[in-house]
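*Asks:* below is the structure, and that's it, no one-letter string:
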């Protein structure tokens with residue numbers, strides 16, 4: 001079993017490295033929509049809600065249901081402290097958790113050298129985590145390949 005797990009990690013790391021080398025200079029677009037790939041547990045409802053949220057905001061979403069979400073996060077370099085329930089990739093950037101679409105757009109336009117952005121945990125009121133009028137504050141963090149994170153954006157209520 002360890003051999004299978006290691007080979008999956010090696011394949012994911014190779015895919016991640018290839019994606020990283022690819023285009024950060026142009027936005028992957030399909031029919032005028034931003035292309036994003038989302039890795040999620042097949043049993044997670046809020047992940048589906050986040051993907052629906054993105055589709056309504058001009059994203060073309062490719063969903064990859066997997067029971068190996070943790071391994072995927074590790075392979076893509078998501079710091080454990082920033083983990084949420086789903087992980088996405090767009091133009092070589094990692095998007096972790098319930099990140100607002102505007103922040104993804106801001107990241108793509110900035111052409112930053114960060115590895116990605118994350119909303120750790122699952123804050124109530126963030127995209128895909130709507131629960132009536134309750135909206136908890138949350139911070140979008142940018143992180144680098146070494147796991148160092150800094151504030152990218154902050155929401156007192158979304």
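*Replies:* All right, it came through fine. Keep in mind it's a predicted model, so treat the numbers as computed, not measured.
*Asks:* let me see the ranges of the helices in this protein.
*Replies:* Taking DSSP state H as the test, the helices found in the chain are 2-21, 45-55, 69-76, 101-110.
*Asks:* residue 118 contacts residue 139, correct?
*Replies:* No: counting by CB atoms under 8 Å, residue 118 does not reach residue 139; the two are 9.4 Å apart. Every C-beta, even on glycine, is put in place using the N, C-alpha and C of the backbone.
*Asks:* looking at those two, which is more packed in?
*Replies:* When residue 118 and residue 139 are compared for neighbours, residue 118 comes out ahead with 27 against 15, by other CB atoms under 10 Å.
*Asks:* got the contact list for the more buried one?
*Replies:* By CB atoms under 8 Å, 6 or more residues apart in numbering, the contact list for residue 118 reads 78-79, 82-84, 94-97, 99, 140-141, 143, 149.
*Asks:* where in this structure is pLDDT low?
*Replies:* Within the chain, the ranges that satisfy pLDDT under 70 run 1-31, 157-158.
*Asks:* name the nearest residue to the residue most central in space within it, ignoring sequence neighbours.
*Replies:* Closest to where the C-alpha atoms of the chain average out (CA atoms, centre = their mean) is residue 95, at 2.1 Å. Nearest residue to residue 95 in three dimensions, chain neighbours excluded: residue 88, at 4.1 Å (CB to CB, 6 or more residues apart in numbering).
*Asks:* give me the neighbour count for that neighbour.
*Replies:* Using other CB under 10 Å, residue 88 is surrounded by 27 other residues.
*Asks:* and residue 130, what does it touch?
*Replies:* Contact analysis of residue 130 by CB under 8 Å, 6+ apart lists residue 49.
*Asks:* and the gap between it and residue 98?
*Replies:* Per CB to CB, to the nearest Å, residue 130 is found 10 Å from residue 98.
*Asks:* likewise for residue 59?
*Replies:* As for residue 59, its distance to residue 98 is 14 Å (criterion: CB to CB).
*Asks:* ok, back up a step: how close does the residue nearest to the centre of the chain get to residue 101?
*Replies:* The gap separating residue 95 from residue 101 is 10 Å, by CB to CB.
*Asks:* what's the answer for residue 115, then?
*Replies:* 19 Å.
*Asks:* neighbour count winner among these two?
*Replies:* A count of neighbours by other CB under 10 Å puts residue 115 above the other of residue 115 and residue 101, at 24 against 19.
*Asks:* measure the more buried one to residue 156 for me?
*Replies:* From residue 115 over to residue 156 the distance is 26 Å, taken as CB to CB.
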